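1. Just to be clear, the model below is a prediction. Sequence and coordinates:
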4 protein chains.
Amino acid sequence: MSFSFGSNIRMTVFGGSHTAGIGCVLDGIPAGIAIDLDEVRAFMARRAPGGETSTARAEADEFEVLSGILDGHATGGAIAAVIRNTNTRSQDYSGYLETPRPGHSDLAAILKYGKHHDIRGGGHFSGRLTAPLCFAGGVCLQLLRACGVMVAAHILTLGGIADKAFDPLAPSGEEFAAIEANGFPVILPEAKARMTEKILAAKADGDSLGGVIECVVAGLPAGVGEPMFDSVEAVIAHAVFSVPAVKGIEFGAGFAAAEMRGSENNDALFFDENGDVRARTNNAGGVLGGIATGMPVIFRAAVKPTPSISQSQKTVNLKTRENTQISVGGRHDPSILPRAVPAITAAAAVAIADLMATGRFL
Amino acid sequence: MSFSFGSNIRMTVFGGSHTAGIGCVLDGIPAGIAIDLDEVRAFMARRAPGGETSTARAEADEFEVLSGILDGHATGGAIAAVIRNTNTRSQDYSGYLETPRPGHSDLAAILKYGKHHDIRGGGHFSGRLTAPLCFAGGVCLQLLRACGVMVAAHILTLGGIADKAFDPLAPSGEEFAAIEANGFPVILPEAKARMTEKILAAKADGDSLGGVIECVVAGLPAGVGEPMFDSVEAVIAHAVFSVPAVKGIEFGAGFAAAEMRGSENNDALFFDENGDVRARTNNAGGVLGGIATGMPVIFRAAVKPTPSISQSQKTVNLKTRENTQISVGGRHDPSILPRAVPAITAAAAVAIADLMATGRFL
Amino acid sequence: MSFSFGSNIRMTVFGGSHTAGIGCVLDGIPAGIAIDLDEVRAFMARRAPGGETSTARAEADEFEVLSGILDGHATGGAIAAVIRNTNTRSQDYSGYLETPRPGHSDLAAILKYGKHHDIRGGGHFSGRLTAPLCFAGGVCLQLLRACGVMVAAHILTLGGIADKAFDPLAPSGEEFAAIEANGFPVILPEAKARMTEKILAAKADGDSLGGVIECVVAGLPAGVGEPMFDSVEAVIAHAVFSVPAVKGIEFGAGFAAAEMRGSENNDALFFDENGDVRARTNNAGGVLGGIATGMPVIFRAAVKPTPSISQSQKTVNLKTRENTQISVGGRHDPSILPRAVPAITAAAAVAIADLMATGRFL
Amino acid sequence: MSFSFGSNIRMTVFGGSHTAGIGCVLDGIPAGIAIDLDEVRAFMARRAPGGETSTARAEADEFEVLSGILDGHATGGAIAAVIRNTNTRSQDYSGYLETPRPGHSDLAAILKYGKHHDIRGGGHFSGRLTAPLCFAGGVCLQLLRACGVMVAAHILTLGGIADKAFDPLAPSGEEFAAIEANGFPVILPEAKARMTEKILAAKADGDSLGGVIECVVAGLPAGVGEPMFDSVEAVIAHAVFSVPAVKGIEFGAGFAAAEMRGSENNDALFFDENGDVRARTNNAGGVLGGIATGMPVIFRAAVKPTPSISQSQKTVNLKTRENTQISVGGRHDPSILPRAVPAITAAAAVAIADLMATGRFL
């Protein structure tokens, strides 16, 4: 079903950009798991707008937990969280039912739902729904960490600038910490400076930028993932494509593997000093046959540039049936990348938590 | 569940490389739909081994339909098809429980299932399970065609050789026909010759090749796809990652979109001569907000090189706990790409059929 | 998943008796369907406590719709409703973790969840969660009515008193109206008086009463229901057993059919004056082979007496490991039957709406 | 989906009465579980026709396992079993598309599927599909037994004759053994004789008999079952209503509980001699709040009389649009009860196995 994801750990997301509230119901978190809501808040704050590279719409994204957590622990009931929409300017959007924005869901949504589509702020297609996704992800990150599993992501490339990639064999906690410390999700401080510069330049041009996000799942036990249709790759991809603006995903060497020979791409195995089986390279991205190998799971997601730009664009007027032009006003992110990083982290965390529950690793 | 895919049209696949049989149960095909089993056979023949670029294991892949089709029409019951495994040489595989093959599922499967893992021929991780997938896809292709929807795929690049890409605005039936006519799934005859040469060269080196497959869904009505977690991209990606060896997927401009500005990436809209809204480019790959726009849906999948190669590779012996070497014998495809094309077509067809059923477009 | 029900129309319920709030997310209601929230409120008011036969806990059950409805119509997004818990007295419940109440979920829940079980008011096992169920049902009732389908229920028997049964061949709108008009869900006014008397007598004895609820689905098109595992009976039963205190369900003649011969039980078919095929009796309860026949669907649910009674009962003290006695204080319904009627109506309505969506009757 | 049941252990059933074959795919059985196929065969033999009280259609119900079991153990792959239909007389059925049989699925199926409905032998509505259900159940019974859980059923009443009921506090292995030993599923040998007599009398009259089946799940750990929508009762009821001819189900005291007061119905708790918490009665049928209490789970299912009877019955001719009469020829069971016992046992076993997998009790 469209607003639910997962089998044994399932999140259900609701709301739209300008509805009274948005939120999430998270079912399947085992009773007794400790959940620190301040930590969830801190994680969500990384997604919330703020700073010169993001939209001017100020939303504190304060959530209220209605059920499922008592005295800091999951009760076994469904965890429900609600976030109020407060800073909405619906009048900005009224015209898009007539003049759909290029690169947006407007046209497809109108054709799907008809005149009752809630187009305000993009309705339920808005990136705003990644706030409840991040709530669910924030809870799952704590569950995973209790099992020794870490999920982290950063902007790998943006506007031609590259951050340092994770070590595919042994991603380090220092890198994870750097991402959170920088106030901008990259490992290298200089990447922050240069990417910010690129975003502001695009903004000045009334334009926007895309980029690539790299995500790692470290500590995932070998054996997680189900054969055939619920592989680690399939389930993560399903979740990650649910983050708006994602247009591609690749695991390990990914598209580069398509240009390799088997002798290059196969990861050689060996016993490490602890007697554990390890691979000398990680072209597989930690997944073979759809099953986690015990090596870090690594994937990259391609994020398109924000479609809302103030430059004039060609579109149609569905009422007059004429070709026309549009300049998208309102408050938009010149690049969604910084805020998409926690969203993709959250999607991966929920997917992994569900796979671990299914495989009885929880 | 791992061996089932889909909600309103659901396929359940069973079997392993060397089990007595493999097969598929397809539930949800509306009663009364005409199904030409010879056409399904012809589609599956494109996946079956044969020719100099594929494995020497000869499997006719003759299926028997046990239920669900009567007098050439779906009855509304579950459609079950069984394919016998005939040409199995299980002794080839016995050692891999001790010495897992690099790049294969062996190690992960052993860690997941323990000693009862059916490692013969890779068990249920074998590419052989794409035969029943192709049965399901072959049926869904006919269902889709009856609704005006065509799905086609070809090898876009392999070993540095590129086929002609589909026209992203109007993929042509001639191209679809060429792919099937060539005996090798490319549009350009010269691509066949040059790719075959590359595959044979890799084979001669005891090595293998990966590549990229491009797939198009033409005629998909605007509005197909569900918001948030069941987008066209998410559901297709889920299905396509279920085809062994797929390591990446991108829609429309995909990873290239990550390097564009919004003004480049947004597809301008206009009224065409028939008064229909069309886009001047198709960077979106026919999907915005997760919903089909009415433009062709286009995606590319990265397929890694076959991990089974006769060259010596480094691995471990789980019994002696020593590092060792392995040369993978048996009968393998030096490149799985030609046979992966119908598998990916089938995965996309089932995914699209399920989305259309869910969205009540059937 | 435990807190979600349905495939194509899916409700997700959250909350516990004494959590900050309870609520419901309803996914799959087609865009454009008119939804009158005052009518939903009126339906829910029939479930809310009030009157001499129910608990003294006063809860207005005012809901707030956070999303999914705009200008009185479904938008196609998930419909979320939240109800605040206001009148909670959690101190009433603290001891039940040590001394579980006979007939309650206490013991099973403690064994399932451990010390983090939210036992306040019965936690998520409370009948209070039928409030969000009734929200979902209230919306689905409107969707169904728009398709010509009516769902109604009443107390058939309670404390030895019987109401008039629905006409199994042609249940009448007058009967449906009477149920709602009486302020007590029975057809006959005298049944209200006599049942109320029985309930008050039980209450005076510190005891409680069960009863049987009869429910009819009128106007259901022939063909609704899926073969094998998603029959009309299976799906309704699944939903109805989710209403606390239900211990049995039967369709049509039900357990009485088990004592009949085929010649008695089979419903004879004939063409009525309009040329429609009808049955002369309705022992089948409107379902054959799991599929709706076009006759009214009729079922009866057995509801056990409220387990909370003030009489002294034998139980155990899990801390001291000694047998002991308990008298359940707090505010309880001496008979849950009047309030269970809308809950069962709601469960049936959601189940039928989901089946109609699955069968593409919506 | 209609032909699949279960979440973490899922069975998919296919076929129709007169299709080439019928079968089952069972997904989720943990790798390494020992499965004795001869024992599955013996279980299925109890369902197979044979003896004077059943149909003259002789079907050995020999199954072939195509995958998922190797050397007597589950591999972790999907277990697929196929049963050939051999003894079919399709010509018996051709007229029912015109003249639907009262009490049968014929009319509803024709209205649902149209002219492509496979009416031969009742198509996929045939009781014959309980053969693959029994295969799945036979496997799950072994899985459950390995966890200390036993499922057993018998005919409780038929034609006014009652068998001894299970001891609701401590059902005995001797009773389970008696049921299997009698060649007729009752505990008391005299019940066999008298019920057989009743069945033969009905048969002599060209008529049929229904009855009530009682089923017990012994040894189920407390805590199995999920709150709200996946209670033990809901999931078992869903599965059991999938057995054709079931029209009612009740747990514990069931409909009798509806006539009790709380002081009677509540099961008093105490510490037994081993220090375990037990109940002095089992009106709850081993389930409170939807969760297993640790007491035996007990339910009863009402089975209607076989609708196929040779007596003349009133029906319609859909072609001539006239009322008419029908006498159902062919080969039918004068009472399905003896063969429904293993089917209901199987349904309960699969439901319980799925609940245990979901609750991580496996």
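-> Here it is on my side, so go on. Numbers count the residues shown, from 1 in each chain, chains lettered A, B, ... in the order given.
2. tell me, how many neighbours does the closest residue to chain D within chain A end up with?
-> Of all residues in chain A, A:R360 sits closest to chain D, at 5.9 Å by C-beta to the nearest C-beta. Bear in mind the C-beta positions are built from the backbone N, C-alpha and C, glycine included. If you count neighbours by other C-beta atoms under 10 Å in any protein chain shown, A:R360 ends up with 14.
3. if I pick the residue lying closest to A:A153 once chain neighbours are set aside, what's in contact with it?
-> The shortest distance from A:A153 to any non-neighbouring residue, by C-beta to C-beta, 6 or more residues apart in numbering or on different chains, is to A:C215 (3.9 Å). Shown in contact with A:C215 (C-beta atoms under 8 Å, 6 or more residues apart in numbering or on different chains): A:151-153, A:298-301, A:344-345, A:348.
4. Can you flag which of the residues you listed belong to helices?
-> A:344-345, A:348 (DSSP state H).
5. What's the first helix or strand after the helix or strand of chain A with the lowest mean pLDDT?
-> Across the helices and strands of chain A, mean pLDDT, DSSP states H and E gives its lowest value to helix A:173-181, namely a mean of 93. Remark: after helix A:173-181, the chain's next helix or strand is helix A:189-204, criterion DSSP states H and E.
6. Figure out how far the following helix or strand past that following helix is from the centre of its chain.
-> Note on helix A:189-204: by DSSP H and E, the next helix or strand toward the C-terminus is strand A:211-218. With C-alpha atoms, centre = their mean, to the nearest Å as the basis, strand A:211-218 stands 10 Å off its chain's centre.
7. between strand A:211-218 and helix A:189-204, how big is the angle?
-> Compare the direction of strand A:211-218 with that of helix A:189-204 by axes from the mean of the first three to the mean of the last three C-alpha atoms, to 10 degrees and you get 140 degrees.
8. What strands line up against strand A:211-218, and which way round?
-> In the sheet containing strand A:211-218, its partner strands are strand A:150-158 (antiparallel), strand A:297-303 (antiparallel), by DSSP bridges.
9. gap between the last one and the chain center?
-> Just to be clear, that refers to strand A:297-303. From the chain centre to the centre of strand A:297-303 is a distance of 10 Å (C-alpha atoms, centre = their mean).
10. quick one: the next helix or strand after it near chain B?
-> Next in sequence after strand A:297-303, counting helices and strands by DSSP H and E, comes strand A:312-317. Yes: Strand A:312-317 reaches chain B (C-beta under 8 Å from any C-beta of the partner chain) through A:313-316.
11. out of those residues, who has the most neighbours?
-> A:T315 (28 neighbours).
12. So which bits of the stretch 51-200 of chain A are right by chain C?
-> Close to chain C, as judged by C-beta under 8 Å from any C-beta, the stretch 51-200 of chain A has residues A:64-68, A:70-71, A:73-80, A:82, A:112-118, A:123-124.
13. in the stretch 1-150 of chain A, which spans are helices?
-> Along the stretch 1-150 of chain A, the segments classed as helices by DSSP state H, counting those that start in this stretch run A:37-45, A:106-113, A:130-146.
14. Same list, those, but as a markdown table with distance to chain D please.
-> Below are the helices of the stretch 1-150 of chain A laid out as a markdown table (distance: least, C-beta to the nearest C-beta, whole Å):
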| stretch | distance to chain D |
| --- | --- |
| helix A:37-45 | 23 |
| helix A:106-113 | 24 |
| helix A:130-146 | 14 |
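15. Dump those helices to JSON lines, plus mean neighbour count, distance to D:R46 and mean pLDDT.
-> Shown next, in JSON lines, are the helices of the stretch 1-150 of chain A (neighbours: other C-beta atoms under 10 Å in any protein chain shown; distance: least, C-beta to C-beta, whole Å; pLDDT from 0 to 100):
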{"stretch": "helix A:37-45", "mean neighbour count": "16", "distance to D:R46": "54", "mean pLDDT": "96"}
{"stretch": "helix A:106-113", "mean neighbour count": "24", "distance to D:R46": "52", "mean pLDDT": "95"}
{"stretch": "helix A:130-146", "mean neighbour count": "26", "distance to D:R46": "45", "mean pLDDT": "98"}
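16. ok, back up a step: you'd agree the residue of chain A closest to chain D is in a strand?
-> No: the assignment for A:R360 (DSSP: H, G, I helix; E, B strand; the rest coil) gives coil, which keeps it out of a strand.
17. show me what contacts it?
-> D:360, D:362.
18. And it, its phi and psi?
-> Main-chain dihedrals, A:R360, degrees, to the nearest 10: phi 60, psi 40.
19. For it, give me the pLDDT.
-> Looking at A:R360, its pLDDT stands at 91.
20. same check, this time on A:R57
-> In this model, A:R57 is scored at 69, pLDDT.
21. ok, now A:R120?
-> 89.
22. That one contacts A:G15, correct?
-> No: using C-beta atoms under 8 Å as the test, A:R120 is too far from A:G15 to be in contact (11.7 Å).
23. neighbour count winner among the two?
-> When A:R120 and A:G15 are compared for neighbours, A:G15 comes out ahead with 30 against 22, by other C-beta under 10 Å.
24. so what's that one closest to, chain neighbours aside?
-> Nearest to A:G15 is A:I22, by C-beta to C-beta, 6+ apart, at 2.8 Å.
25. looking at the sheet around that neighbour, what are its partners?
-> Counting by DSSP bridges, A:I22 is bridged to A:I83.
26. which residues sit in contact with it?
-> A:13-16, A:82-83, A:85, A:128-129, A:131-132, C:66-67.
27. any idea how far it is from A:M44?
-> To A:M44, A:I22 is 12 Å away according to C-beta to C-beta, to the nearest Å.
28. Common neighbours of those two, please.
-> A:A131.
29. Around chain B, which positions in the stretch 1-150 of chain A sit nearby?
-> Residues of the stretch 1-150 of chain A lying close to chain B by C-beta under 8 Å from any C-beta are A:1-5, A:7, A:13, A:100, A:102-105, A:107-109, A:111-112, A:122, A:124-125, A:129.
30. Can you name the residue of the stretch 101-250 of chain A nearest to chain B?
-> At 2.4 Å from chain B, A:S105 is the closest residue in the stretch 101-250 of chain A, using C-beta to the nearest C-beta.
31. That residue contacts B:L288, correct?
-> Yes: contact criterion C-beta under 8 Å: A:S105 and B:L288 qualify, at 5.1 Å.
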